[in-house]
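Peer 1: The following comprises the amino acid sequence and a computationally predicted model.
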Amino acid sequence: MTNPPKIFKIFILTLTLVAFAGITGCQGKKTPDDVVYYTCPMHPKIQMDQPGQCPICGMTLVPVKTEGTEPSDQDPHAEHGEQSGSTEQSKHEKHKKSGIKIDPNRLQNIGVTTAEVKLRDLQKNITAQGKVAFDPKLWVAQKEYFIALELGDPSLIKSSEDKLYFMGLSKEWIRLLRKSRNANLGFFLPDSKQPTFFEAFINQSELNLVHPKQEVDIYDIDSRYLGKGVVWALGTMVDMKSRTVRALIQAKSFLDLKSNTFVQLKIDLNLGKRLSIPKSAVMFNGSHNMVYVETEPGQFLGKKVELGVAGEDYYEISEGLKSDEKVVTNGQFLLDSETQIKMGSGGGHQH
């Protein structure tokens, strides 16, 4: 076998030197020692070795830095190229408790604002659909009840009361009937000397906020004010289609309306002082609600919360927050992205 020509040997040597020089040059351009990778605040899955723009949205990539000092100070096995799983786990747990720290300049760019968790007077307005009361079947059942009362037959009285109850009248409503002995109670009467009655259909989720003797404002379907009324009684049966419960409303005066005329019935509620936060602070995250709390200037921690009643502008807090804590009301979605970038998905949320 003949030896390769001399010129071929020179060519191979040149290529080797060029490749070595390229590798050395690339190593000289490595990222800073404290930067693990660069990522996009809106797309945490993007991880690049060099700064630049996000290939998805074009935002400037931000550096994700290592926490702590040199590896040897964190883990005695690091100098041998080993990574301690327990150290990583303890670091992760530390982040879960302390949250993330954001540079003040970045906070300003994000536009983060906060509000205090505190006792507030909560107000709520309930608007229910209704109509001028007219139910011939119910009128007949009430008439039968009064006949049973006149006869004084206990079994017949019990049977009539059960029938009214199964039609959706509460025991309080039935007591009103027994006291008045008037089958016209709760029905439209074309008599200017008699007040007008309405049936309101209260959403089952708001039923616990409505009580007898509450005042009601009555409007027509075009939102023109008609007059005031009072809640007399609540029904017991939830309508399967509308998910509402019937309520009996008496106008304080006669209103010249036809039977079954549809109206709007509005109840203004003062819910009293309740521990609350602005609605804008709450993030609805699948199966739970969460907020971001500022634990110290520039330090934020995600917390799960249990919500109580919803006011006009605030949510009552049943569990998860204490008075005088500060919650983020603007910029929390970008904070959530930062959390996922630095600690992994869900890593900064306190359970």
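Peer 2: Yep, it's here. Numbering: from 1, shown residues only.
Peer 1: If you average pLDDT per helix and strand, which one of the chain comes out bottom?
Peer 2: helix 71-74 (a mean of 38; mean pLDDT, DSSP states H and E).
Peer 1: what sits against the most centrally placed residue in the chain?
Peer 2: Centroid-nearest residue in the chain: residue 284, 4.6 Å away (criterion: Cα atoms, centre = their mean). Contact analysis of residue 284 by Cβ atoms under 8 Å, 6 or more residues apart in numbering lists nothing. From N, CA and C alone the C-beta is placed, and that goes for glycine too.
Peer 1: just to confirm, which helix or strand has it in it?
Peer 2: Assigned by DSSP states H and E, residue 284 belongs to strand 283-285.
Peer 1: Give me the sheet partners of that strand and which way each runs.
Peer 2: Its sheet considered, strand 283-285 pairs with strand 288-296 (antiparallel) by DSSP bridges.
Peer 1: could you give the angle of the next helix or strand after the strand it pairs with to strand 288-296?
Peer 2: Along the chain past strand 288-296, the next helix or strand (assigned with DSSP H and E) turns out to be strand 299-310. Orientation of strand 299-310 against strand 288-296 (axes from the mean of the first three to the mean of the last three Cα atoms, to 10 degrees) gives an angle of 140 degrees.
Peer 1: how about strand 299-310: buried residues?
Peer 2: 300, 301, 302, 303, 304, 305, 307, 308, 309, 310 (16 or more other Cβ atoms under 10 Å).
Peer 1: cool, and stretch 184-199?
Peer 2: 185, 186, 187, 188, 196, 197, 198, 199.
Peer 1: returning to that earlier point: how about the buried residues of strand 299-310, which pair is most distant?
Peer 2: 300 and 309 (26.8 Å; Cβ to Cβ).
Peer 1: Contact partners for residue 126?
Peer 2: With Cβ under 8 Å, 6+ apart, residue 126 has these contacts: 202, 206, 209, 210, 266, 267, 269.
Peer 1: Also residue 260?
Peer 2: 131, 132, 134.
Peer 1: thinking again about what came up before, I'd like a version of the buried residues of stretch 184-199 in CSV, one that adds pLDDT, distance to residue 40 and secondary structure as further columns.
Peer 2: Formatted as CSV, those follow (pLDDT from 0 to 100; distance: Cβ to Cβ, whole Å; DSSP: H, G, I helix; E, B strand; the rest coil):
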residue, pLDDT, distance to residue 40, secondary structure
185, 71, 67, coil
186, 71, 63, coil
187, 72, 66, coil
188, 61, 64, coil
196, 89, 63, coil
197, 90, 62, strand
198, 93, 57, strand
199, 91, 56, strand
